[in-house]
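Colleague: Provided below are the primary sequence and the corresponding predicted coordinates.
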Amino acid sequence: MSKQINVALLGNPNTGKTSVFNQLTGLNQKTGNYPGITVEKKEGICKLPRGLKAHILDLPGTYSLNASSLDENLVIELLLNKNDKDYPDVAVVVSDAENLKRNLLLFTQVKDLGIPTILAINMADRMEKRGISLDVDLLEKQLHTKIALVSARKKTGLGKLKELIINYGQLSLKPCLNASSIDPEYFDGLQKKFPEESLYKLWLVITQDVNFGKLDRKKAENEAGFTPKEKSELKRLQQKETIHRYQFINNLLKEAMQVDVDAATDLRSRLDRVLTHRLWGYVVFFAIMLLIFQAIYNWSAYPMDLIDGFFAFLSEWTESLLPAGVFTSLLAEGIIPGIGGVVIFIPQIAFLFLFISLLEESGYMSRVVFLMDRVMRRFGLSGKSVVPLVSGTACAIPAIMATRNIEDWKERLITILVIPFTTCSARLPVYLIIIALVIPERKVFGIFGLQALTLMGLYVLGFAMSIFSAWVLSKILTIKNKSFFVIEMPDYKLPMLKTVGINIVEKTKSFVIGAGKIILAISVILWVLASYGPGDFNNAESIVTKNYIENTPPSEFSEEDLNTQIASFKLENSYIGIAGKAIEPIVQPLGYDWKIGIALISSFAAREVFVGTLATIYSVGSESEATIQERMAAEKNPVFGGPLYNFASGISLLLFYAFAMQCMSTLAIVKYETNSWKWPALQLIAMSAIAYIAALVAFQLLK
Amino acid sequence: MKLSQLKLGQRGLIKDFPIEKIPLKLLEMGCLPGNDVQLLHIAPFRDPMYLNVNGSHLAVRKETAEEIEIEAFP
């Protein structure tokens, strides 16, 4: 077996690094997490000519090797640890042609670590349009490297890049800069103590406030007999290094890069004039949001109806095909509706990720940050909170992870705490089914469906609640903040189909598998609890039959009626029925019956379980082929009469789900990101209380 | 004059700033003494400010821009 070449892909954000990764690996990739931390790890296999293979690691985007976030720490730790199994044989720094200057900063840093480094200049196809011409020979000579001009979009230059990867052994290891010239005395001394380490490596160990494997910073300083440097002094050193590198880069590019301004067609400034405009910018933003909700509601309705119908049919068909028995009913009443409850999410989740990744890929998301920063700051948030809050409409977990680029801890903590109020995709099925039951299917103003508007209203409510609680938190929390804020405004580009597609598939898959496991397990447990019970449960047939004969005149006997009564008696006396009855007094003032009570309990693990739970409860013992929605519409309120799901109880349920903290995975990630149980506990208690009160008030006013 | 006082579209040269008040990321994106800067767009209340610094397009808050001393080109 031939040895794989370990390749690390590095680069600034927005250089199309992930597109290059996708082109190199195709679908031959997997996404996981680095052990112990929640940074996403993307790796894949690339087939090279002559039967060779490369293992490619797509490292998080970073502007430099100065560790200021978890993602960047990870990059540095990997590049400094020769014993790591992912330590690269060769590094590929992906740059884009237009921001070459800034990208070269990272390139020279990686190069100076003594790792063979290739420079891949992406988006080379756009150079002509921008009036950019490069002297590649001069660049290669001055940077002591090999350069591949690639275009992930046009699929050009990838062969050259692969060829360079194979021949990585021929790359020069000569550093671009002499880092020691910044503080010669200090570093010459250090080098003498550690002659086997590269000078820039020592520099990094000294200037970064982190430890790297066997090279401990304190130890390095103590052994070398140097006094540890102060934090402000370290930052000064980093600044000096940056200035030093930029001098080199600016001088080099003066010769090697020519920009013909007249030839440049300036799409950026024309689009920015509208999209960052103080009026039109906001109009466009809200129009896009409206479009997204309208589209998600209308487009995903069709596949969802099909999926719903298909699983109802599948249940029925299984029951008719297999011999009656415990296994058949577990399959038809527990597992199949349980899986159906997961699969039905796929259309909306896919659509949500489609829109989010289109907004990110096109570069528009940064404009939203720019427009919203000032507004968000009034509420204790940052413009950068917008992206996590919008991502929160897909799932709170990646959204909370996306808060990492918020530099200010107070702004970041508040963002984390309020994200679970945004309407995540797990709430969507609950909303959809309740809206379909209690909101009439009418059009208002001729074009907007009333149901779609209600859904949009719930999204707005989620955002409003997160903003309001952020404001409250910003008044309560006493954390000193230094509000640092820098955001890159990338150039606009047409999103690449492949990148967006892979993103949708990966995100949907991990959501469905992750959530699916919980939902399936809970469905099976619920089925067991609903199918067995103590005491009267086991004598259901004789008790109900006896009552039925006593209370019904013989002329009205019907077997169907009797069976329905037996089934509902059994459910009431099963374990789950007993549990539901026990909490009924608590949920009755909100307009719910004990069956909804059960769904609420199971939803505390994950809210998407709601529909699946009701599907399981209503299908146990039922023989009709009705869909879950038809069954819910037929339910009657035991206390007030009339349909159980009417306007008042429907609104009450919607509000309860809008505000309640019902997701164990979110609590776990909040614990991880804040490193304390205090914050998830606060979320759980406060949000549950708000949800209960809101639902109570709504039902009592509307009933 | 301060970076925050630039007019829309106006260019200038970065002169000096107190290092502890400027995030390192801004330096890495090219905001360093001697480099050129241009104000491209502003959000309402001139905050944040959308700049072209040494060829990098980025946005910073007004309070950061107020710390940066520049020499404006007419």
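Modeller: On my side now, so go ahead.
Colleague: contacting residues for residue 31?
Modeller: Picked chain A for this. Shown here is residue A:31, whose contacts under the criterion C-beta atoms under 8 Å, 6 or more residues apart in numbering or on different chains are A:40, A:41, A:42, A:506, A:510. Bear in mind the C-beta positions are built from the backbone N, C-alpha and C, glycine included.
Colleague: um, chain B though
Modeller: By C-beta under 8 Å, 6+ apart, the residues touching residue B:31 are B:14, B:22, B:37, B:53, B:54, B:68.
Colleague: most surrounded residue in those residues?
Modeller: Greatest neighbour count in the contacts of residue B:31, by other C-beta atoms under 10 Å in any protein chain shown, goes to residue B:68: 24 neighbours.
Colleague: For residue 61, list the residues it contacts.
Modeller: As the question left the chain open, I've gone with chain A. The neighbourhood of residue A:61, defined by C-beta under 8 Å, 6+ apart, consists of A:11, A:12, A:13, A:14, A:15, A:17, A:71.
Colleague: let's do chain B instead
Modeller: Counted by C-beta under 8 Å, 6+ apart, residue B:61 has contacts A:373, A:483, A:485, B:47, B:48, B:49.
Colleague: what's near enough to touch the residue lying closest to the fourth one once chain neighbours are set aside?
Modeller: Right, the one you point to is residue B:47. The shortest distance from residue B:47 to any non-neighbouring residue, by C-beta to C-beta, 6 or more residues apart in numbering or on different chains, is to residue B:62 (3.9 Å). With contacts defined as C-beta under 8 Å, 6+ apart, residue B:62 is in contact with B:4, B:45, B:46, B:47, B:48, B:49.
Colleague: Alpha carbons of the lowest-mean-pLDDT helix or strand in chain B, as CSV, please.
Modeller: Using mean pLDDT, DSSP states H and E, helix B:24-28 stands out as the lowest-scoring helix or strand of chain B, at a mean of 86. The C-alpha coordinates for helix B:24-28 follow below in CSV (Å, rounded to 0.1, in the frame of the first residue of the first chain):
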residue,chain,number,x,y,z
LEU,B,24,-5.0,42.5,16.2
LYS,B,25,-7.2,41.2,13.4
LEU,B,26,-7.5,44.8,12.1
LEU,B,27,-3.7,44.9,11.9
GLU,B,28,-3.6,41.6,10.1
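Colleague: Next SSE downstream of it?
Modeller: Downstream of helix B:24-28, the first helix or strand assigned by DSSP states H and E is strand B:36-42.
Colleague: and the next helix or strand along the chain from that next one, how far out from the chain's middle?
Modeller: Once the chain leaves strand B:36-42, the next helix or strand it forms, by DSSP H and E, is strand B:49-53. Centroid separation between strand B:49-53 and its chain, computed with C-alpha atoms, centre = their mean, to the nearest Å, is 6 Å.
Colleague: Parallel or antiparallel, list what pairs with strand B:49-53.
Modeller: Next to strand B:49-53 in the sheet, as set by DSSP bridges, lie strand B:36-42 (antiparallel), strand B:56-60 (antiparallel).
Colleague: Tell me which helix or strand comes right after whichever helix in chain A runs longest.
Modeller: Using DSSP state H to define each element, chain A has its longest helix at helix A:280-321. As assigned by DSSP H and E, the chain's next helix or strand after helix A:280-321 is helix A:326-330.
Colleague: could you say what helices and strands the helix or strand following that next one packs with?
Modeller: For helix A:326-330, the following helix or strand on the C-terminal side (DSSP H and E) is helix A:336-343. Applying 3 or more C-beta pairs under 8 Å, 6 or more residues apart in numbering or on different chains; DSSP states H and E, one finds that helix A:336-343 contacts helix A:280-321, helix A:497-531, helix A:609-619.
Colleague: thought residue B:60 was touching residue A:485?
Modeller: Yes - between residue B:60 and residue A:485 there is a contact at 6.5 Å, judged by C-beta atoms under 8 Å.
Colleague: Report the contact partners of residue 28.
Modeller: Reading this off chain A. Applying C-beta under 8 Å, 6+ apart, we find residue A:28 in contact with A:44, A:45, A:46.
Colleague: wrong chain, I was asking about chain B
Modeller: Counting by C-beta under 8 Å, 6+ apart, residue B:28 makes contact with A:63, A:64, A:66, A:102, A:105, A:242.
Colleague: Contacts for the helix or strand containing residue A:91, please.
Modeller: Here residue A:91 is covered by strand A:90-96, with elements defined by DSSP H and E. For strand A:90-96, contacts defined as C-beta under 8 Å, 6+ apart pick out A:5-12, A:14-17, A:20, A:79, A:103-104, A:106-107, A:110, A:115-123, A:161, A:165, A:168, A:171.
Colleague: do the same with stretch A:536-550
Modeller: The contact list for stretch A:536-550 (C-beta under 8 Å, 6+ apart) reads A:561, A:562, A:565, A:566, A:569, A:570, A:573, A:574.
Colleague: From the residues you listed, pick the one nearest residue A:138.
Modeller: residue A:574 (79.3 Å; C-beta to C-beta).
Colleague: What pLDDT does the model give the closest one?
Modeller: If you check residue A:574, the pLDDT there is 86.
Colleague: Pull up the residues of chain B that are close to chain A.
Modeller: With C-beta under 8 Å from any C-beta of the partner chain as the criterion, chain B meets chain A at residues B:19-20, B:23-30, B:32-33, B:35, B:40-45, B:47-48, B:50, B:54-61, B:63-64.
Colleague: Give me the buried entries from those.
Modeller: Among the residues of chain B next to chain A, those classed as buried by 16 or more other C-beta atoms under 10 Å in any protein chain shown are B:23-30, B:32, B:35, B:40-43, B:47-48, B:50, B:54-61, B:64.
Colleague: what are the ranges of the helices in the stretch 401-550 of chain A?
Modeller: Ranges of helices in the stretch 401-550 of chain A, per DSSP state H, counting those that start in this stretch, are A:409-418, A:427-438, A:450-476, A:497-531, A:540-551.
Colleague: Reformat those helices as TSV; add mean neighbour count and mean pLDDT.
Modeller: Output for the helices of the stretch 401-550 of chain A, formatted as TSV (neighbours: other C-beta atoms under 10 Å in any protein chain shown; pLDDT from 0 to 100):
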stretch	mean neighbour count	mean pLDDT
helix A:409-418	24	92
helix A:427-438	22	86
helix A:450-476	18	91
helix A:497-531	18	79
helix A:540-551	13	82
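Colleague: Could you dump those into CSV with distance to residue A:683 added?
Modeller: Formatted as CSV, the helices of the stretch 401-550 of chain A follow (distance: least, C-beta to C-beta, whole Å):
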stretch, distance to residue A:683
helix A:409-418, 6
helix A:427-438, 16
helix A:450-476, 10
helix A:497-531, 19
helix A:540-551, 42
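Colleague: So which of the ones you listed is nearest residue A:365?
Modeller: With C-beta to C-beta as the criterion, residue A:365 lies closest to helix A:497-531 of the helices of the stretch 401-550 of chain A, at 13.5 Å.
Colleague: so that closest one versus helix A:336-343, what angle?
Modeller: Interaxial angle, helix A:497-531 versus helix A:336-343 (axes from the mean of the first three to the mean of the last three C-alpha atoms, to 10 degrees): 150 degrees.
Colleague: Helix A:497-531 packs against which elements?
Modeller: Under the contact criterion of 3+ C-beta pairs under 8 Å, 6+ apart, helix A:497-531 touches helix A:17-25, strand A:29-33, helix A:326-330, helix A:336-343, helix A:346-362, helix A:575-587, helix A:594-603, helix A:609-619.
Colleague: if we go to 6 Å?
Modeller: helix A:17-25, helix A:336-343, helix A:346-362, helix A:575-587, helix A:609-619 (3 or more C-beta pairs under 6 Å, 6 or more residues apart in numbering or on different chains; DSSP states H and E).
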